[in-house]
Every structure is written in C-alpha cells, then in structure tokens.
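Engineer: Fold the following, please.
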Amino acid sequence: MKIRVGILGACGRMGNEVIKAVHETKDCILVGACDVVNIGKKIEDVIITDNFNSIIDTKPDVIVDFAKPFSMENAKLMIEKGICPVIGTTGQTDEEIKKLEKLSEKYGTSAMIIPNFAIGAVLMMKYAGEIAKYMPEAEIIEFHHDKKLDSPSGTAIKTAKIIRDARNSANIVPSIPLGSPDDPARGEHSIDNIHIHSVRLPGYVAHQEVIFGGQGQTLSIRHDSIDRTSFMPGVLLCIRKAITIKKFIYGLDKLL
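Structural biologist: Prediction:
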C-alpha cells in the first residue's frame, strides 16, 4: 500500500521539489496540495487548494509542511487527526517545539521538525558535537538565499544546541572572548556563547560553516546545498519513517 502524502506550501521552491520526489517514487502517492497561490491548478493529478481542511479530508498518512509562516494550529490539527506532520518550515520557538512533543505523546501520533533534510548537513551537525568535546570554542556562520524569512536558520540553532550539549556532557567550560558579547557585530543570536552569524544574499541556497578554535590551530567543517534536490532523500526518509515511528522527532539525525 502506498504512503499517502499531502503538502503544505506546495508551490514554493521546496514544495515543488517534494512533489517531484513523491511522484517519482513507487511507494508514495500525492493526495493533496495546499498553497495560497495557483489555486485551482492541477499538479500531478492533484488540484491545488487554499483550504487546509480539504487536505485533511483526503486522509493522508503524512503532510510535509513547507508553508510560511509556520502554523501551530495546522500542526496541532494534523496530530489530532493521526496525520504525521513533517515540518520543514523553521522558526519555531522552544515553547512550540515542546508543545508539539507533548501533543505527539498525547495522541500517539508521530511528528517531526526537521531543520535540515540534507544528509551532509546532518553529518556536519553530528561531527560538530564530537569536535566540541575537544575543541569547545566555536562559532557558526550560515548562508542562505535572500528570500529566507527567519534568521538564524534552524540548522544553525540545532548545531549550536548540539555543541552546547556535547560540551556539557563532557563537563567542559569554554573560554569567553574579550569584548562585549552583545555587540551586533558578534552575531545577534547566541546559544551558550556560541555566536551565530547569518548571511542573506542572492545566489545562495543553504550553506553552513562551523569554526572551532584551539591553541595554535583552527578547524572548520562546512556543508553546502547547491541545489534543493539535496534535501529530497531526507524528505523521503522522513515520510517512510513516519509510518512506523510513533513519537516526536527533532532533527534528521534521530532517524539515521
């Protein structure tokens, strides 16, 4: 039996790629597409609608959410209806993430927030955590296209949390640079003194560099998504895992 998939933000850059990826698989079928543009047009035998409830009525197993801005109400309704939201839209607060986790537990429905679907980006985050145990001083620079609404990126925030947790587990207290940590030039967002710098320019897709500093040395790891197709293997992995995993997932690393 094929996995029934709906898509929120179907006409955006990521939505278009998800539709292509689902259409090209043998184990998935597109049953609904929702957006605020191109309403009434057909895409892969599905009519685009702006009515989210009509997507629910098609009884999807999974809804991939790339709609902007993120809607807690939509995610809550999906979970209540037993539909797994695979959320690629970033910008959720810590409180919203915790609320989704509690809703997933309450209804026994899987729910996923995935800051980055690229396998390479997940490996970058994983090894950043390993490096932080030995080189705890780190900063993050992330580069995205100029149409991205939120900054810093969800990937950067997730990476900083991984570095923070790795340092805490190793009982390491990093040194603090001289100067004011609140200077905007140091990045206006930091997690446990891990400063994040956001670049927004045409020409970029999604890129991140994590820089570690140590005595007489530096170490950098970088990931570059040069095309949005780089995210599709991760999207399909989440769709397939959603059928068997009945819990809350934050980050693709939890599925690898």
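
Engineer: Ala33 should be in a strand, yeah?
Structural biologist: Yes: under DSSP: H, G, I helix; E, B strand; the rest coil, Ala33 sits within a strand.

Engineer: Show me what it bridges to in the sheet.
Structural biologist: Per DSSP bridges, the residues bridged to Ala33 are Ile7, Ile48.

Engineer: ok, Phe229 - contacts?
Structural biologist: Quick fix: residue 229 is Thr, not Phe. The contact partners of Thr229, by C-beta atoms under 8 Å, 6 or more residues apart in numbering, come to Glu17. No exception for glycine: its C-beta is placed from N, CA and C like everyone else's.

Engineer: And what about it, helix, strand or coil?
Structural biologist: Thr229 - assigned by three-state DSSP - is helix.

Engineer: How confident was the prediction at it?
Structural biologist: Listed pLDDT for Thr229 reads 94.

Engineer: and the gap between it and Val235?
Structural biologist: Per C-beta to C-beta, to the nearest Å, Thr229 is found 10 Å from Val235.

Engineer: which residues touch Ile83?
Structural biologist: Neighbours of Ile83 in contact, by C-beta under 8 Å, 6+ apart: Gly6, Ile56, Pro60, Asp61, Val62, Ile63, Thr109.

Engineer: what about the second one, helix or strand, and which?
Structural biologist: Counting by DSSP states H and E, the element that carries Ile56 is helix 52-57.

Engineer: Can you list the helices and strands that that helix packs against?
Structural biologist: strand 3-8, strand 28-34, helix 72-80 (3 or more C-beta pairs under 8 Å, 6 or more residues apart in numbering; DSSP states H and E).

Engineer: can you count the residues close to the spatially closest residue to Ala118 that is not a sequence neighbour?
Structural biologist: Distances taken as C-beta to C-beta, 6 or more residues apart in numbering put Ser230 closest to Ala118, at 4.8 Å, once the chain neighbours are dropped. Counted with other C-beta atoms under 10 Å, the neighbours of Ser230 add up to 20.

Engineer: try the one 5 residues further on
Structural biologist: Neighbouring residues of Val235 were enumerated by other C-beta under 10 Å; the total is 24.

Engineer: Now do it against Gly108, distance only.
Structural biologist: For Val235, the distance to Gly108 - C-beta to C-beta - is 23 Å.

Engineer: What separation do you get for the residue in the chain sticking out farthest from the centre and Met135?
Structural biologist: Residue farthest from the centre of the chain, counting by C-alpha atoms, centre = their mean, is Gly216 at 34.7 Å. Applying C-beta to C-beta, the value for Gly216 to Met135 is 12 Å.

Engineer: what's the answer for Asp253, then?
Structural biologist: Relative to Met135, and taking C-beta to C-beta, Asp253 is found at 20 Å.

Engineer: Equivalent analysis for Val22, please.
Structural biologist: In terms of C-beta to C-beta, Val22 sits 41 Å off from Met135.
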